[in-house]
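1. Just need the structure, nothing else, for what follows:
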Amino acid sequence: MAEISAKAVAELRKLTGCGMMDCKNALKDANGDFDAAVKILREKGMAATAKKADRIAADGLVDIMTIDNVTAMVEVNSETDFVAKNAVFQEFVKTILKTIIENKPQNVEALLACKASGCEGTIADELTEHTYKIGEKLSIRRFVIVEGVVSTYIHGLGNTGVIVSFVTDVAANPAFAECAKNVALQVAAMPVLYLNKESVPANVLEEEKNILIAQMQQDPKMANKPQQVLEKIVEGKLGKYYENNCLLEQLYVKDDSMTVGKYVQSVAKELGGSISVVGFVRFDKGEGLEKREEDFAAEIAKMVNG
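-> Okay, the predicted model is just below:
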């Protein structure tokens, strides 16, 4: 059997991020062959991924990257929030973002098949390897690609990510950048479903009208009013619905005397140009995912009892 030097173990550990004993054992199994040892560790990583497949990954982070005129946002999940602070995990997320921008895949499945930016293997290979390195189940949940003029915002350590898209002829003006930043902050602070009134689907609007009419019919003061009168009242009440659910109809958080739409118009007027908000995307980390419930007492008991 080939003698395994401490230097070889250290080099393998630096390359793979695996533990010292794991690296030493892999080199022993590979009879000192460095490439074979890397393969062994990767194979163990695949086994580790399989063992973790039924675990819940609802933490992690949301991150954003812009290169030239292309912006990507991705949510990568882990089992605990501790991993979000891990530099190796954070760098892996950056690699995913670069890969998304370089390849513009259609979905997560296509992304996993892409060659990872700056790496030899695919994103799927890197995901397996990082699952082994970090020791938790990792998964790429979703991503979005936006081209053109945007403003972005990340809240906290990747808890919420926002991209807002604009069409404007004053993009180079610092005052526009400030305006765009404020709109992105608004989206992060006051989540909404739609961009403007026109974006609300007809079936959603009809359902909201029916709910409002039903509420008024249960009110003794309103029940005897003709249907057409109730519908006119409903039209007035829909203003509140738009305010609560449409970005441009929301009251601007820094000056509630105007809506977000009016705020953007006022900045455009000051700059002598045009600014239109044409879309937005917001990712909340772990949104809608089942959270893992910790039972530390049971976990410690399990460790004690072997």
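
2. and residue 132, what are its phi and psi?
-> phi -70, psi -40 (degrees, to the nearest 10).

3. Next one: residue 62 from residue 166, what distance?
-> Separation of residue 62 from residue 166 (C-beta to C-beta, to the nearest Å) stands at 21 Å. (Each C-beta comes from the backbone N, C-alpha and C, glycine too.)

4. I meant residue 199, not that one.
-> From residue 199 to residue 166 the distance is 16 Å (C-beta to C-beta).

5. and those two? which has more neighbours close in?
-> Between residue 199 and residue 166, counted using other C-beta atoms under 10 Å, residue 166 has the larger neighbour count: 22 against 15.

6. And the pLDDT for the more buried one?
-> Looking at residue 166, its pLDDT reads 98.

7. Three-state assignment for residue 157, please.
-> Secondary structure assignment for residue 157 (DSSP: H, G, I helix; E, B strand; the rest coil): coil.

8. Would you check that residue 104 makes contact with residue 145?
-> Yes - with contact taken as C-beta atoms under 8 Å, residue 104 and residue 145 are classed as touching, separated by 5.9 Å.

9. Check the contact lists of the two and give me the overlap.
-> The contact sets of residue 104 and residue 145 overlap at residue 70 (C-beta atoms under 8 Å, 6 or more residues apart in numbering).

10. These two: who's more crowded?
-> residue 145 (17 against 14).

11. and the strand or helix carrying residue 229, average pLDDT?
-> Assigned by DSSP states H and E, residue 229 belongs to helix 227-245. Mean per-residue pLDDT for helix 227-245: 83.

12. Report all helices and strands that it contacts.
-> Packing partners of helix 227-245 (3 or more C-beta pairs under 8 Å, 6 or more residues apart in numbering; DSSP states H and E): helix 202-217.

13. Report all helices and strands that the helix it packs on contacts.
-> helix 227-245.

14. Of all the residues in the helix it packs on, which ones are buried?
-> 230, 234, 238, 241-242, 245 (16 or more other C-beta atoms under 10 Å).

15. Could I get the CA-only coordinates of it as CSV?
-> Output in CSV follows, covering the C-alpha atoms of helix 227-245 (Å, rounded to 0.1, in the frame of the first residue of the first chain):
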residue,chain,number,x,y,z
GLN,A,227,-78.2,45.1,-7.8
GLN,A,228,-76.9,47.9,-10.1
VAL,A,229,-76.5,50.1,-7.0
LEU,A,230,-74.6,47.4,-5.2
GLU,A,231,-72.3,47.0,-8.2
LYS,A,232,-71.5,50.7,-8.3
ILE,A,233,-70.6,50.7,-4.6
VAL,A,234,-68.4,47.6,-5.3
GLU,A,235,-66.6,49.5,-8.0
GLY,A,236,-65.7,52.1,-5.4
LYS,A,237,-64.6,49.5,-2.9
LEU,A,238,-62.3,47.9,-5.4
GLY,A,239,-60.0,50.8,-5.0
LYS,A,240,-58.9,49.4,-1.6
TYR,A,241,-58.3,46.0,-3.2
TYR,A,242,-56.0,47.6,-5.9
GLU,A,243,-54.2,49.5,-3.2
ASN,A,244,-53.5,46.3,-1.2
ASN,A,245,-52.6,44.1,-4.1
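
16. neighbouring contacts of that helix?
-> Contacts for helix 227-245 (C-beta under 8 Å, 6+ apart): 192-194, 197, 200, 205, 208-209, 212-213, 216-217, 222, 225, 249-251, 259.

17. Provide the backbone phi and psi angles at residue 280.
-> Torsion angles at residue 280 (phi, psi; degrees, to the nearest 10) stand at phi -150, psi 150.

18. nearest residue to it other than its sequence neighbours?
-> residue 164 (4.6 Å; C-beta to C-beta, 6 or more residues apart in numbering).

19. thought the one you found was touching residue 282?
-> No - Residue 164 is not in contact with residue 282 according to C-beta under 8 Å; the separation is 9.2 Å.

20. All set now, cheers.
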